[in-house]
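Student: Sequence unavailable; structure follows:
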């Protein structure tokens, strides 16, 4: 061995969503797009646009399939109401 050791991730540990990916802020329950990371906080934006909010990195996780579907459907419904 060359002195480096690979540390396996626990089977229940997942990587945090990256920039441009959909994520859930577990603290607030909001789902949005990851826009970046500044000052140790993850910047997220609502799926239908709007003001970004900051989330703590440990609170940012991939949404469950049902949560993602619900969020995407809400955006589609809102867009159809305003004629988009």
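Tutor: Everything's here; your move. Treat the numbers as computed from the prediction; the structure is a model and nothing was measured.
Student: Now do the helices in this structure.
Tutor: 65-81 (DSSP state H).
Student: Who are the packing partners of the lowest-mean-pLDDT helix or strand in it?
Tutor: Lowest mean confidence among the helices and strands of the chain (mean pLDDT, DSSP states H and E): helix 65-81, at a mean of 92. Applying 3 or more Cβ pairs under 8 Å, 6 or more residues apart in numbering; DSSP states H and E, one finds that helix 65-81 makes contact with strand 22-25, strand 30-38. From N, CA and C alone the C-beta is placed, and that goes for glycine too.
Student: neighbours around the closest residue to residue 62 other than its chain neighbours, how many?
Tutor: Leaving aside its sequence neighbours, residue 62 sits nearest to residue 17 (Cβ to Cβ, 6 or more residues apart in numbering; 5.3 Å). Look at residue 17: counted by other Cβ atoms under 10 Å, it has 18 neighbours.
Student: same thing with the one 5 residues further on?
Tutor: If you count neighbours by other Cβ under 10 Å, residue 22 ends up with 17.
Student: One more: the one 5 residues further on?
Tutor: Residue 27 has 11 neighbouring residues, counting by other Cβ under 10 Å.
Student: Tell me the spacing between it and residue 20.
Tutor: 21 Å (Cβ to Cβ, to the nearest Å).
Student: about what we covered before: list the buried residues in the least confident helix or strand of the chain.
Tutor: 68, 71 (16 or more other Cβ atoms under 10 Å).
Student: ok, and what's touching it?
Tutor: For helix 65-81, contacts defined as Cβ atoms under 8 Å, 6 or more residues apart in numbering pick out 22, 24, 31, 47, 48, 63.
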